[in-house]
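>>> predicted model and sequence below, questions to follow.
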Amino acid sequence: MRVLVVEDEHKIANSIKKGLEQEGWAVDVAYDGQEGFDLAISENYEVIVLDLMLPKMDGMEVCKKLREKGVHIPVLMLTAKGRVEDRVEGLNAGADDYLPKPFAFTELLARIRALSRRPKNGVKTVLEVEDLSLDTINYETKRKGKKIKLSKKEFSLLEYMMRNKGRVLSKDNIINSVWDYEANILPNTVEVFVGNLRKKIDKGIKRSEKLIQTVRGFGYKIGGGK
């Protein structure tokens with residue numbers, strides 16, 4: 001999962017980034033509203049963590065403009081203000097949830113996970129491609145009923161591919177959705193991770209049952225379809 005954190009207090013922003021990365025997620029950080037808005041409309045995110053009080057453009061305005069632009073990424077609004085009126089105003093601006101400061105990281109994590117699970121184009125928490133299953137809540141992957149141990153990044157890559165079952169995904173698609181903006185990942189890195197995934201999910205599997213396909217000149221896909 002890829003998350004955007006828009007927070008002008010560097011200590012808080014970097015702490016959130018570090019914590020979410022330990023969960024295996026890709027995280028981009030913006031320290032003002034304008035930068036956050038620009039990233040939100042140009043990159044792919046599952047959730048935006050958005051502070052209310054920001055320089056250049058406050059969180060309320062960022063949220064309103066995103067919704068006006070047709071960007072419906074779930075937004076978790078953070079604020080030092082705890083008044084009911086402020087929460088209502090944030091929700092009316094298009095925010096999906098509201099978390100007052102100070103907060104426990106475990107609560108932030110739970111709220112982000114809840115937002116990421118909300119139905120969005122048929123989003124599921126247990127993904128299946130033929131006899132391969134991936135549980136995004138319990139971080140469990142199985143092939144033919146047998147558990148497969150994946151690294152956090154391998155899990156994120158497989159989740160992205162399975163959510164796009166049957167679609168040909170270019171290396172750029174994969175980089176932009178699985179790694180954060182500053183990761184500076186090379187196409188060869190994608191090849192390595194896809195190769196590692198193949199070894200793990202196709203271990204002991206017949207050649208005709210291998211799931212990840214290379215579409216030469218275009219990228220990779222998992223499962224049938226377009």
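Structure received. Numbering: from 1, shown residues only.

>>> can you list the neighbours in contact with the helix ranked longest in the chain?
Identified as the longest helix of the chain according to DSSP state H is helix 187-201. With C-beta atoms under 8 Å, 6 or more residues apart in numbering as the test, helix 187-201 has contacts from 132, 141, 143, 148-150, 153-154, 157-158, 171-172, 174-175, 210-212, 220. In this view, the C-beta of every residue, glycine as well, is placed from N, C-alpha and C.

>>> could you rerun that using 10 Å?
Applying C-beta atoms under 10 Å, 6 or more residues apart in numbering, the contact partners of helix 187-201 are 129, 131-132, 134, 141-143, 148-151, 153-158, 161, 169-175, 178-179, 183, 185-186, 205, 210-214, 219-220, 222.

>>> so where's this protein uncertain?
81-92, 118-125, 181-182, 224-226 (pLDDT under 70).

>>> alpha carbons only: can I get stretch 187-205 in CSV?
Taking C-alpha atoms only, stretch 187-205 is exported to CSV below (Å, rounded to 0.1, in the frame of the first residue of the first chain):
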residue,chain,number,x,y,z
PRO,A,187,13.6,-1.1,-13.5
ASN,A,188,16.1,-3.9,-12.8
THR,A,189,15.0,-3.8,-9.2
VAL,A,190,11.5,-4.7,-10.3
GLU,A,191,12.9,-7.6,-12.3
VAL,A,192,14.6,-8.9,-9.1
PHE,A,193,11.5,-8.7,-7.0
VAL,A,194,9.3,-10.3,-9.6
GLY,A,195,11.9,-13.0,-10.0
ASN,A,196,11.9,-13.7,-6.2
LEU,A,197,8.1,-13.8,-6.2
ARG,A,198,8.1,-16.3,-9.0
LYS,A,199,10.5,-18.6,-7.1
LYS,A,200,8.3,-18.5,-4.0
ILE,A,201,4.8,-18.8,-5.4
ASP,A,202,5.7,-21.2,-8.1
LYS,A,203,7.9,-23.5,-6.0
GLY,A,204,7.0,-27.1,-6.7
ILE,A,205,4.4,-26.0,-9.2
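
>>> so which of the contacts of helix 187-201 sit within helices?
Per DSSP H, the subset of those in helices is 153-158, 161, 171-175, 178.

>>> kindly write the PyMOL command that selects the buried subset of the residues you listed.
Only the buried entries of these go into this PyMOL selection, using 16 or more other C-beta atoms under 10 Å:
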select buried, resi 153+154+155+156+157+158+161+171+173+174+175+178
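
>>> include distance to residue 108 when you put the ones in helices among the contacts of helix 187-201 into a markdown table, please.
Listed next are the ones in helices among the contacts of helix 187-201 as a markdown table, based on distance: C-beta to C-beta, whole Å:
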| residue | distance to residue 108 |
| --- | --- |
| 153 | 22 |
| 154 | 25 |
| 155 | 21 |
| 156 | 19 |
| 157 | 24 |
| 158 | 25 |
| 161 | 27 |
| 171 | 32 |
| 172 | 30 |
| 173 | 28 |
| 174 | 27 |
| 175 | 26 |
| 178 | 22 |
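
>>> now for the ones in helices among the contacts of helix 187-201: which two are most distant?
155 and 172 (20.7 Å; C-beta to C-beta).

>>> okay, and residue 3 sits in which element?
In this assignment (DSSP states H and E), residue 3 forms part of strand 2-6.

>>> sheet partners, orientation included, of that strand?
strand 26-30 (parallel), strand 47-51 (parallel) (DSSP bridges).

>>> what's the most buried one of these?
The highest mean neighbour count among those, using mean count of other C-beta atoms under 10 Å, belongs to strand 47-51: a mean of 27.

>>> could you dump that one to PDB, C-alpha only?
Included here for strand 47-51 are C-alpha records, laid out as PDB according to Å, rounded to 0.1, in the frame of the first residue of the first chain:
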ATOM      1  CA  VAL A  47      -4.800   6.700   1.700                       C
ATOM      2  CA  ILE A  48      -3.800  10.400   2.400                       C
ATOM      3  CA  VAL A  49      -3.000  11.400   6.000                       C
ATOM      4  CA  LEU A  50      -3.700  15.200   5.900                       C
ATOM      5  CA  ASP A  51      -2.900  17.700   8.700                       C
END
